[in-house]
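> For reference, the sequence and a predicted model appear below.
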Amino acid sequence: MKIVTILGARPQFIKAAALSRAIASRSDVQEVIVHTGQHYDDNMSDVFFRQMDIPLPDYQLNVASSFHGDMTGRMMMGIEPVLLKEKPDGVVVYGDTNSTLAGALTAKKIHLKVAHVEAGLRSFNMSMPEEINRILTDRIADLLFCPSRDALNNLQREGFDHFACAVHEVGDIMKDVAVYYKDRGVKPVFPLPESFVLATLHRAENTDDAGRLKRLVHAFNDISMETPVVLPLHPRTRARLDKLSLPLNKSLIVTEPVGYLEMVYLLTRCGLVITDSGGLQKEAYFFGRHCITVRDQTEWTELVTHGYNTLAGVDYDAIMAARNQFFAREIVSNEGLYGIGRTAERILDTMAGTGGF
């Protein structure tokens, strides 16, 4: 069986590490990796291939960030000749980025099977580009691998039982990665306080809205006056802060984006996570940390239901109240919300079995 894997963004590199490792353990499966170039800086791309032993991409398309239509179209133009040349049994896409949609659309147009890892997630906010990408990818995929029961239920409510596809609840592949790397964290090169809040900020809904960004900076600055805040800063966020001349307190520890192993180190030592990242919400849970999500909706609804994640939006008072309630409170969970860390094996067995690729 030959699989073409389409990657392009930081979260996808992390997820692919688990499946690529499972593929490498089998002699009957070949993987061809296509990197679209959606994330292209070393600390947003190359570092993950080095740290996580992901095979180097067989094809590098170098499609950098641009307008959504332009980026997605150029990705499809680059992916199609690769698929025609390689003639795989199927194509694997991850998550909800433009690379995800471009890979799925291109494959289906030339009648190849598509497997969507992390299917069924819904924020129910159609202003999010990620929501559009995941809905469209789900609808045309042949194999839909759901990370949770909530994701499976979403697809059932949308009528996927009546579509020509196979839906499987397999657990979350990022749980596999967390289990494998939990004791392999690498200390970042910058000085780290004994107690701190870990924060990230990059979603367009926050960075492109000056009012929302100002309120979040205000909250981060005030939290940092009491507890140090480590803020690995996404290039888009840094550019917006500079453009709007929004000052960050000197008590904020602002760094470049960090690799996955550095993030593991930070997660195992922080007292709380504040983020608008989908992946980091789960990683906080995997490493026993409460999370404040600075968005109005989340696709990881089960974390909110169980009280591990607080949806605060950009409400200053809500952020501060959650910070006071949950800082340094570890999560002890017995629910097993996202499987037991063997999702990659289940996905690979399904793709290689009857009804797969």
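Great, that's in hand. This structure is a prediction, so every number in the text was calculated from the model and none was measured. Numbers count the residues shown, from 1 in each chain.

> now the strands for this structure?
For the chain, the strands identified by DSSP state E occupy 2-7, 30-35, 59-60, 90-94, 113-117, 143-146, 166-169, 197-199, 229-232, 252-255, 272-275, 291-293, 309-311, in order along the chain.

> Residues contacting the first one, please?
If you take C-beta atoms under 8 Å, 6 or more residues apart in numbering as the criterion, strand 2-7 is touched by 13, 16, 19-20, 23, 29-36, 57, 79, 82-83, 86-94, 99-100, 102-103, 107, 351, 357. Yep, even glycine has a C-beta here, placed from its N, CA and C like the rest.

> Show me which parts of the helix or strand of the chain with the lowest mean pLDDT are buried, residue by residue.
For the chain, the helix or strand with the lowest mean confidence is helix 46-51, at a mean of 76 (criterion: mean pLDDT, DSSP states H and E). Residues of helix 46-51 classed as buried under the neighbour-count rule (16 or more other C-beta atoms under 10 Å) are 46-49, 51.

> packing partners for it?
helix 10-24, helix 260-267 (3 or more C-beta pairs under 8 Å, 6 or more residues apart in numbering; DSSP states H and E).

> In the stretch 1-150 of the chain, where is pLDDT below threshold?
For the stretch 1-150 of the chain, the stretches flagged by pLDDT under 70 are 39-45.

> change it to 90
Where the stretch 1-150 of the chain drops to pLDDT under 90, the residues are 9-11, 13-14, 37-56, 64-68.

> rewinding a little: of the contacts of strand 2-7, buried ones?
Members of these that pass the buried threshold by neighbour count (16+ other C-beta under 10 Å) are listed as 13, 16, 19-20, 23, 29, 31-36, 57, 79, 82-83, 86, 88-94, 99-100, 102-103, 107, 351, 357.

> Can you give the distance of stretch 205-213 from its chain's centre?
Stretch 205-213 has its average C-alpha position 20 Å from the chain's average C-alpha position, going by C-alpha atoms, centre = their mean, to the nearest Å.

> average pLDDT for that stretch?
The predicted model assigns stretch 205-213 a mean pLDDT of 95.

> cool, and stretch 349-357?
Here the average pLDDT along stretch 349-357 is 94.

> Can you give the contact residues for that stretch?
Stretch 349-357 has contacts (C-beta under 8 Å, 6+ apart) with 1, 3, 28-29, 89-90, 92, 113, 115, 143, 145, 166, 168, 170.

> could you redo the last one with a cut-off of 10 Å?
Around stretch 349-357, the neighbours that count as contacts under C-beta atoms under 10 Å, 6 or more residues apart in numbering are 1-3, 19, 22-23, 26, 28-29, 88-92, 112-115, 142-143, 145, 166, 168, 170, 342, 347-348.

> Tally up the residues packed near residue 80, please.
Around residue 80 there are 16 other residues, counting by other C-beta atoms under 10 Å.

> Not counting sequence-adjacent ones, nearest residue to it?
Sequence neighbours aside, residue 106 is the residue nearest to residue 80 in space, at 5.1 Å (criterion: C-beta to C-beta, 6 or more residues apart in numbering).

> which residues touch the one you found?
Taking C-beta under 10 Å, 6+ apart as the definition of contact, the neighbours of residue 106 are 6, 72, 75-84, 91, 93, 112, 114.

> what sits against the residue lying closest to residue 265 once chain neighbours are set aside?
Of all residues not flanking residue 265 in the chain, residue 185 sits nearest, at 3.4 Å (C-beta to C-beta, 6+ apart). Taking C-beta under 10 Å, 6+ apart as the contact definition, residue 185 lies against 260-269, 287.

> So residue 146 is in contact with residue 120, correct?
Yes. Counting by C-beta atoms under 10 Å, residue 120 is a contact partner of residue 146 at 4.3 Å.

> what do those two both touch?
Between them, residue 146 and residue 120 share the neighbouring residues 138, 152-156, 160, 167, 169, with contact defined by C-beta under 10 Å, 6+ apart.

> Skipping adjacent residues, who's closest to residue 86 in space?
residue 32 (5.3 Å).

> Is that neighbour in contact with residue 57, as I believe?
Yes. With contact defined as C-beta under 10 Å, residue 32 and residue 57 form a contacting pair (9.0 Å).

> Low-confidence ranges, the stretch 251-357 of the chain, go.
Across the stretch 251-357 of the chain, the stretches falling below the confidence threshold (pLDDT under 90) are 251, 259, 330, 332-336, 354.

> What count of nearby residues applies to residue 181?
The burial metric for residue 181, expressed as a neighbour count using other C-beta under 10 Å, is 19.
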